[in-house]
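1. here you go, sequence then predicted model.
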Amino acid sequence: MPINPPADNLSNTVPNRRVLVIDDNADAADTLVAILSLLGHDAVAAHSGIEGLRVAEQQHPDVVFLDIGMPGMNGFEVAVAMRQIAGLETVRIVALTAWRDEATRARAKSAGFDMHLTKPTSIEVIEEIIVES
């Protein structure tokens with residue numbers, strides 16, 4: 001007997017989007033990419049800021065989920081650099097981080113982030129953001 005997905009399955013109603021997840025925690029990034037791919041998105045992961053910028057420049061994602069606390073080039077630096085790449089000036093950049101204090105939120109906004117989510121975040125919230133992109 002086949003198993004039918006629930007009627008409110010998000011993958012049936014959400015248009016396919018190009019999504020980039022940048023996080024030095026490879027397990028977290030790859031898991032989110034796998035879920036988003038199952039939902040029908042063209043999702044890829046990058047595990048450093050430099051790699052994330054390279055992928056963003058090549059793929060021109062619709063939305064980027066970006067960790068802030070990364071070694072080397074942190075999320076603030078990545079967001080600033082991404083805004084300077086031709087064609088990425090208006091990409092939706094969403095902080096997906098454990099840092100939740102108001103100073104971090106203000107710094108993220110000034111660095112060019114459009115939104116700030118704290119980990120853990122539900123897939124429903126992430127999907128809503130993707131739909132709005």
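-> Received, thanks. These numbers were taken from a predicted model, which means no experiment stands behind them. Numbering: from 1, shown residues only.

2. just the pLDDT for residue 133.
-> According to the prediction, residue 133 has pLDDT 85.

3. what sits against it?
-> Contact partners of residue 133, counting by C-beta atoms under 8 Å, 6 or more residues apart in numbering, are 17, 62, 63, 92. (Each C-beta comes from the backbone N, C-alpha and C, glycine too.)

4. top of these by number of neighbours, please.
-> residue 63 (25 neighbours; other C-beta atoms under 10 Å).

5. pLDDT below threshold where in this protein?
-> 1-14 (pLDDT under 70).

6. next structured bit after the longest helix along the chain?
-> The helix that spans the most residues within the chain, counting by DSSP state H, is helix 26-38. Next along the chain after helix 26-38, taking DSSP states H and E as the criterion, comes strand 42-46.

7. got the buried residues for that following strand?
-> By 16 or more other C-beta atoms under 10 Å, the buried positions in strand 42-46 come out as 43, 44, 45, 46.

8. ditto for stretch 117-133
-> In stretch 117-133, counting by 16+ other C-beta under 10 Å, buried: 117, 126, 127, 129, 130, 133.
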